[in-house]
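A.B. asks: predicted coordinates and the sequence they were generated for:
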Amino acid sequence: MESVYEPYFDPDFDSLIERMYPPRVCIDNDTRQDCTLVKVDSANKNGILLEMVQVLTELDLLISKSYISSDGGWFMDVFHVTDQLGHKLTDQSLIRYIQQALGAERRGGKASQVETCLGRIVRAKPVSSTEYTAIEITTMDRPGLLSEISAVLANLGCHVVSAVAWTHNCSAACILYVGDEVNGGGPIADPERVSQVEKQLDNVVGASACQLQQLGETRPVRLASPVGGRTQMERRLHQLMSALDGGDYDSWCDGMTSSSKDECRGTVRGRTTEVSVDIESCNEKGYLVLSVRSRDRPNLLFDTVCSLTDMKYVVFHANVSSKASLAVQEYYIRHLDGCTMDTETEKRRVTQCLVAAIERRAFHGLRLAICTRNRGGLLSEITRVFREHGLSVTRAEIGTRGERVIGYFHVTDVYGNDVDSKTVELVRREIGGAIVEVQNSPGSGRFNRASSFNTTTTTTTNTTSSSNSQERPRFSLGNLFWGLARTPFQQPRLH
């Protein structure tokens with residue numbers, strides 16, 4: 001018998017290297033006047049880039065530029081960041097939190113809590129599974145879907161304390177944190193109760209069950225423990241949408257060529273996308289070079305890195321920058337197994353996934369901000385009004401802050417078109433003072449401004465001139481509200 005010798009890898013080796021060479025974090029406010037530089041040097045490991053971007057995104061920070069490089073077992077990164085107000089990071093508690101989260105936490109330390117510029121409390125401690133139950137739903141999108149789901153939960157005595165719903169290319173995914181009123185507002189613990197909730201929700205999405213099975217998704221409804229903070233929930237939504245292989249991006253990249261350089265543009269609800277992905281081979285170094293160009297927006301870097309990480313690709317070098325409203329991202333990547341994309345099929349898949357990951361957050365239709373007193377069945381009431389007036393929810397995020405519910409809904413008509421002003425006024429009157437602001441999507445022709453109701457009016461005029469269209473979005477009171485509304489799972493018990 002021939003003896004076969006294989007190298008031995010100590011499973012504790014990586015953690016040993018990390019303990020010997022802990023991450024070094026430098027917060028530099030002196031080099032540039034317009035932003036703060038967050039510099040991180042650390043031992044390289046799989047997923048480290050996503051961890052860093054996740055920390056900064058969780059703190060509501062805007063990343064305008066980033067330089068990423070890895071050399072052997074070492075990883076170096078520089079982020080140009082500001083807060084949502086466009087200010088440099090001067091709050092010492094915020095700086096200390098970043099240093100702890102990116103550095104000390106990996107050495108076994110514990111990052112303290114911090115308050116962001118938007119007034120949101122961020123803690124290292126994730127949402128406990130003893131507080132709420134998370135319900136994950138994936139299905140094919142249709143008008144009134146969220147209304148039907150929330151109505152079923154209200155009838156079952158399940159109080160929705162937070163919810164995030166995304167739709168893209170006829171697919172839908174949502175995560176809801178619910179408290180069982182039968183159990184005093186706690187998680188759904190009784191197995192029979194769990195089965196009852198799953199069965200009722202299965203009936204709601206049952207019309208799409210056959211399509212889901214064809215796409216490989218066998219469990220459209222799943223009750224689970226909460227996934228953690230905001231960015232963990234958003235990453236989970238990306239994963240749920242990606243699981244719907246054909247449903248999420250089947251219509252993308254119709255113009256793909258057979259050359260090594262691929263470019264993809266698609267449509268969402270009849271609108272031309274503003275995302276392009278070019279793929280080139282760097283044979284000298286064995287890298288694949290991804291060039292991604294799109295409209296700049298918050299969370300763009302997180303969405304891209306999240307998609308690459310979930311596809312098992314490792315980023316060795318990257319250069320990310322934004323100018324006016326355009327964001328340019330360039331990544332030098334290899335697959336986790338060391339291989340590059342050798343087939344056109346793989347290049348097509350990566351291109352599709354990146355375009356879909358970026359477009360899932362695209363702002364289409366009308367955005368209605370909600371702020372009202374928290375009460376049982378509120379989500380069901382609001383979405384019922386939308387459905388009765390022929391509106392379809394394309395994206396939604398709501399959460400509780402003390403005794404109030406804050407959130408927003410993106411709505412179109414059932415055909416994906418803009419909503420007319422008469423319908424908006426009827427909806428506002430029926431819902432009442434809960435709607436505090438209405439804002440149109442970029443490029444929409446129906447509403448030229450953001451209007452506020454029952455609050456101080458804040459208007460943002462959209463013009464058609466080419467110079468103004470290239471300006472970087474500025475801060476407004478409306479933006480501040482949206483930032484507050486983007487925290488659906490920071491619940492009262494965590495504050």
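C.D. replies: Here it is on my side, so go on.
A.B. asks: just the element for the closest residue to Y132 other than its chain neighbours, please.
C.D. replies: By the measure of CB to CB, 6 or more residues apart in numbering, the closest residue to Y132 outside its immediate chain neighbours is Y177, 4.3 Å from it. Backbone N, C-alpha and C define where each C-beta goes, glycine included. Assigned by DSSP states H and E, Y177 belongs to strand 171-180.
A.B. asks: circling back to that earlier point, relative to A396, how far out is the residue nearest to Y132?
C.D. replies: Using CB to CB, to the nearest Å, one gets 14 Å for the distance from Y177 to A396.
A.B. asks: same check, this time on K39
C.D. replies: 37 Å.
A.B. asks: who has more neighbours out of these two?
C.D. replies: The neighbour comparison of K39 against A396 (other CB atoms under 10 Å) goes to A396, with 25 against 15.
A.B. asks: hmm, back to that, what touches both of Y177 and A396?
C.D. replies: A163 (CB atoms under 8 Å, 6 or more residues apart in numbering).
A.B. asks: rewinding a little: the residue nearest to Y132 touches V164, doesn't it?
C.D. replies: No. The pair Y177 / V164 is not scored as a contact, 9.2 Å apart, by CB atoms under 8 Å.
A.B. asks: so the residue nearest to Y132 bridges to which residues?
C.D. replies: Beta-bridge partners recorded for Y177 (DSSP bridges): A134, S162.
A.B. asks: pull the number of nearby residues for it.
C.D. replies: When neighbours are defined as other CB under 10 Å, Y177 has 25 of them.
A.B. asks: quick check: it vs L240, distance?
C.D. replies: Relative to L240, Y177 is positioned 15 Å away (CB to CB).
A.B. asks: kindly report the same for L37.
C.D. replies: 35 Å.
A.B. asks: cool, and T394?
C.D. replies: Taking CB to CB, one finds T394 at 16 Å from L240.
A.B. asks: which of those two has more neighbours?
C.D. replies: Legend: neighbour count by other CB under 10 Å for T394 and L240, higher for T394 (26 against 21).
A.B. asks: which helix or strand contains the more buried one?
C.D. replies: Assigned by DSSP H and E, T394 belongs to strand 391-401.
A.B. asks: swap in I188?
C.D. replies: Using DSSP H and E, I188 sits in no helix or strand.
A.B. asks: who's in contact with it?
C.D. replies: Each residue near I188 by CB under 8 Å, 6+ apart is listed here: 133, 158, 178, 180, 194, 197, 223.
A.B. asks: what about the third one, how many neighbours?
C.D. replies: The reference is to V178. 23.
A.B. asks: need the three-state assignment for I95.
C.D. replies: For I95, the assignment made with DSSP: H, G, I helix; E, B strand; the rest coil gives helix.
A.B. asks: same check on G338?
C.D. replies: Here G338 is recorded as coil under three-state DSSP.
A.B. asks: look at it and report its pLDDT.
C.D. replies: pLDDT, G338: 78.
A.B. asks: please enumerate the helices of the stretch 201-350 of the chain.
C.D. replies: Applying DSSP state H, counting those that start in this stretch to the stretch 201-350 of the chain gives helices spanning 209-214, 230-243, 245-249, 300-310, 344-359.
A.B. asks: out of those helices, which is closest to S171?
C.D. replies: For the helices of the stretch 201-350 of the chain, proximity to S171 was assessed by CB to CB; helix 245-249 is nearest, at 3.8 Å.
A.B. asks: tell me the average confidence for the closest one?
C.D. replies: The pLDDT scores in helix 245-249 average 52.
A.B. asks: which regions of the stretch 201-350 of the chain sit below the pLDDT cut-off?
C.D. replies: Applying pLDDT under 70 to the stretch 201-350 of the chain flags the ranges 207-219, 228, 245-273, 341-342.
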